[in-house]
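**Student:** have a look; sequence and predicted model below, questions after that.
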Amino acid sequence: MNDKKLNILVTGANGQLGCCLRDAAKASRNRYIFTDISDIPGLETTLLDVCNPDTVDIVADSENVDVIINCAGYTNVDKAEEETRLADELNSVAAGNLAATAKRRGALLIHISTDYIFGGDASRPIPEDAPPAPLGVYGATKLAGENAVRSSACRHIILRTAWLYSKYGRNFVKTMLNLTANHPEVKVVSDQLGTPTYGPNLARFITGILEGGIPEQTGTYNFTDEGVCSWYDFASEICTLAGNSCKVTPCRTADYPSRARRPHYSVLDKSLVKSTFGVAIPHWTEPLRECIAELKK
Ligand SMILES: NC(=O)c1ccc[n+]([C@@H]2O[C@H](COP(=O)([O-])OP(=O)(O)OC[C@H]3O[C@@H](n4cnc5c(N)ncnc54)[C@H](OP(=O)(O)O)[C@@H]3O)[C@@H](O)[C@H]2O)c1
């Protein structure tokens, strides 16, 4: 165990994963600096626009930052099809800015990426080194962000996650809790398979690997909960756990066209993160129970 306390800068700290990190950091020995492009009443936030490389440098230097956790991003998958430039600025160019700052300072960059960099043709859990083939702008800009981080040669850990949910922000669990409580029937697509990720578990993993100092392990890792489900399975479980009497009915993606194409299969293989960091990952139904209990409080 290294005795030095790390200075850890979190970007996009008022978003969903950022808020989960705020909770996880309460148990940490390290010093966290939470930043975002705007502030929210009640949340201590240093204003930082990740698209402005000069400001990123100034804040990183003034806070003597050892680690940057990049949770900022353009995350609206459908809207990204139109706001291509904005999505690229935030998901790709800004990731490169943060990587350049990390490289200059000798800091570690932990960058969050997505299962949507894959095309959905796989039929078994996708390992980290599978060829990416994004179907839309969101996935393409996130892939470009990963590549910018790698090519900067800064010390980095890229964590690919998927279907993030928690008590914070807007997410599928909160939407389905609301819909299944207020409608007799809800139709949900059953031909897109993936795995949900409980934000607090991912956040605890990230803060945990920094408790002993800068980790030796670098590279790209998948991190979601365990198991496989469709959005329909996910919605059915949410409805059941909430005790709602709504009928959840499966439907096909083709019946509900959206602006962005989404992968039919994006289950990520977690073998590498488990063997490298010794982390235990629960089946997706367990944290879902925890989240719904938390939301019902
Ligand atoms: N959500 C998912 O299901 C999911 C799945 C896979 C991967 N991921 C990845 O996980 C990461 C975190 O996702 P999330 O769900 O926590 O996202 P989120 O809730 O959308 O949070 C992103 C945060 O970044 C902020 N932001 C926007 N522009 C910024 C800028 N120029 N400078 C600094 N901050 C800025 C946003 O502020 P505003 O709200 O004011 O714009 C927001 O607070 C992202 O990289 C995302 O791609 C998410």
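**Tutor:** Structure's in. What do you need?
**Student:** from here on, just use CA atoms for contacts and neighbour counts.
**Tutor:** Will do.
**Student:** my read: residue 67 touches residue 110, true?
**Tutor:** Yes - look at residue 67 against residue 110 with C-alpha atoms under 8 Å: they come within range, at 7.4 Å.
**Student:** which parts of this structure sit against the ligand?
**Tutor:** Counting by C-alpha under 6 Å from any ligand atom, the chain comes close to the ligand at 11-18, 36-38, 48-51, 71-73, 75, 112-114, 161-164, 169.
**Student:** can you tell me which of those residues are in strands?
**Tutor:** 11, 36, 112-114, 161, 164 (DSSP state E).
**Student:** would you list every one of the strands in the chain?
**Tutor:** Under DSSP E, the chain gives strands at 7-11, 31-36, 46-47, 67-70, 108-114, 155-161, 164-165, 185-189, 193-194, 197-198, 219-222, 229-230, 247-251.
**Student:** now the last one: buried residues?
**Tutor:** Along strand 247-251, the positions that meet the burial threshold by neighbour count (16 or more other C-alpha atoms under 10 Å) are 248, 250.
**Student:** mind listing the helices for the stretch 1-150 of the chain?
**Tutor:** Using DSSP state H, counting those that start in this stretch, the helices of the stretch 1-150 of the chain run over 16-25, 53-62, 84-88, 94-105, 137-152.
**Student:** could the ones you listed go into CSV alongside distance to residue 188, mean neighbour count and mean pLDDT?
**Tutor:** Formatted as CSV, the helices of the stretch 1-150 of the chain follow (distance: least, C-alpha to C-alpha, whole Å; neighbours: other C-alpha atoms under 10 Å; pLDDT from 0 to 100):
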stretch, distance to residue 188, mean neighbour count, mean pLDDT
helix 16-25, 23, 22, 98
helix 53-62, 41, 16, 98
helix 84-88, 27, 18, 98
helix 94-105, 33, 24, 98
helix 137-152, 22, 23, 98
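**Student:** could you dump these into CSV with distance to residue 212 added?
**Tutor:** Converted to CSV, these look like this (distance: least, C-alpha to C-alpha, whole Å):
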stretch, distance to residue 212
helix 16-25, 14
helix 53-62, 21
helix 84-88, 34
helix 94-105, 19
helix 137-152, 24
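**Student:** nearest to residue 213, out of those?
**Tutor:** Set against residue 213 and scored by C-alpha to C-alpha, the helices of the stretch 1-150 of the chain come closest in helix 16-25, at 14.3 Å.
**Student:** what's the angle from that closest one to strand 7-11?
**Tutor:** Interaxial angle, helix 16-25 versus strand 7-11 (axes from the mean of the first three to the mean of the last three C-alpha atoms, to 10 degrees): 150 degrees.
**Student:** now helix 16-25: how far from the chain's centre is it?
**Tutor:** 11 Å (C-alpha atoms, centre = their mean, to the nearest Å).
**Student:** hey, C-alpha coordinates of it in PDB?
**Tutor:** Extracted in PDB, the C-alpha atoms of helix 16-25 (Å, rounded to 0.1, in the frame of the first residue of the first chain):
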ATOM      1  CA  GLN A  16     -25.100   9.500 -13.600                       C
ATOM      2  CA  LEU A  17     -21.700   7.700 -13.100                       C
ATOM      3  CA  GLY A  18     -20.200  10.900 -11.700                       C
ATOM      4  CA  CYS A  19     -22.800  11.000  -8.900                       C
ATOM      5  CA  CYS A  20     -22.100   7.300  -8.200                       C
ATOM      6  CA  LEU A  21     -18.400   8.200  -7.900                       C
ATOM      7  CA  ARG A  22     -19.300  11.000  -5.500                       C
ATOM      8  CA  ASP A  23     -20.900   8.400  -3.200                       C
ATOM      9  CA  ALA A  24     -18.100   5.800  -3.600                       C
ATOM     10  CA  ALA A  25     -15.400   8.400  -2.900                       C
END
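**Student:** let me know the angle separating that helix from strand 108-114.
**Tutor:** 130 degrees.
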